[in-house]
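Novice: What shape does this take:
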Amino acid sequence: MGISGSRFERGTIRLVGWGVAHPKLKKFLLSRFVALPGYWFATICGFIWGLVLSLGRISVLNGMLVARRCPRWAFGRGGTTIGAVFLTHNALSPEVIEHEKVHRAQWKRYGLAFIPLYVAAGQDGTKNRFEVEAGLKRGGYV
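Specialist: The predicted model follows:
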């Protein structure tokens with residue numbers, strides 16, 4: 001069974017579906033009161049993860065915190081944004097940074113709820129609504 005059919009992904013889809021079925025809970029979890037602290041927590045985690053894995057090679061590039069030269073096993077595809085931190089080995093083109101800035105805005109909007117929402121959107125990046133919103137071409141999907 002592939003990643004898209006994993007127990008984790010199916011469970012995440014059920015969890016997100018449960019949240020959608022309870023509008024008051026959904027409204028609360030996606031409120032700025034909850035989402036913003038989740039974004040900052042994710043940013044702190046991403047910063048620590050990036051600081052360790054990049055051996056301190058963190059800089060600001062076009063408004064993004066970028067941990068570069070991270071080992072390739074530490075993220076998906078060309079890189080991963082966690083909160084406001086982009087973890088990558090060397091995917092530093094302006095197009096990729098613009099794509100990742102959209103993911104940073106998504107983290108800010110959804111907070112920690114972004115994790116199950118992203119997983120539930122599917123592992124096929126060309127169909128994942130968050131990747132589509134960030135720009136498939138800029139993200140190197142097409």
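
Novice: and the lengthiest helix in the chain, what does it pack onto?
Specialist: Longest helix in the chain, counting residues (DSSP state H): helix 32-53. With contacts taken as 3 or more C-beta pairs under 8 Å, 6 or more residues apart in numbering; DSSP states H and E, helix 32-53 sits against strand 58-61, strand 64-67, strand 79-82, strand 85-88, helix 94-110. For glycine as for every other residue, the C-beta is placed from the backbone atoms N, C-alpha and C.

Novice: Let me see the mean pLDDT of that helix.
Specialist: The average pLDDT within helix 32-53 is 95.

Novice: Tell me the gap between that helix and the middle of its chain.
Specialist: How far helix 32-53 lies from its chain's middle: 11 Å, per C-alpha atoms, centre = their mean, to the nearest Å.

Novice: Output it as PDB, restricted to C-alpha atoms.
Specialist: Extracted in PDB, the C-alpha atoms of helix 32-53 (Å, rounded to 0.1, in the frame of the first residue of the first chain):
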ATOM      1  CA  ARG A  32      -6.300  33.600  15.300                       C
ATOM      2  CA  PHE A  33      -6.400  33.000  19.000                       C
ATOM      3  CA  VAL A  34      -5.300  29.300  18.400                       C
ATOM      4  CA  ALA A  35      -3.700  29.500  15.000                       C
ATOM      5  CA  LEU A  36      -1.100  32.200  15.600                       C
ATOM      6  CA  PRO A  37       0.400  30.600  18.700                       C
ATOM      7  CA  GLY A  38       0.600  27.300  16.700                       C
ATOM      8  CA  TYR A  39       2.400  29.200  13.900                       C
ATOM      9  CA  TRP A  40       4.900  30.600  16.300                       C
ATOM     10  CA  PHE A  41       5.400  27.200  18.000                       C
ATOM     11  CA  ALA A  42       6.000  25.600  14.500                       C
ATOM     12  CA  THR A  43       8.400  28.400  13.700                       C
ATOM     13  CA  ILE A  44      10.400  27.800  16.900                       C
ATOM     14  CA  CYS A  45      10.500  24.100  16.200                       C
ATOM     15  CA  GLY A  46      11.400  24.700  12.500                       C
ATOM     16  CA  PHE A  47      14.100  27.100  13.600                       C
ATOM     17  CA  ILE A  48      15.700  24.700  16.100                       C
ATOM     18  CA  TRP A  49      15.400  21.800  13.600                       C
ATOM     19  CA  GLY A  50      16.900  24.000  10.900                       C
ATOM     20  CA  LEU A  51      19.700  25.300  13.200                       C
ATOM     21  CA  VAL A  52      20.800  21.800  14.100                       C
ATOM     22  CA  LEU A  53      20.500  20.300  10.600                       C
END
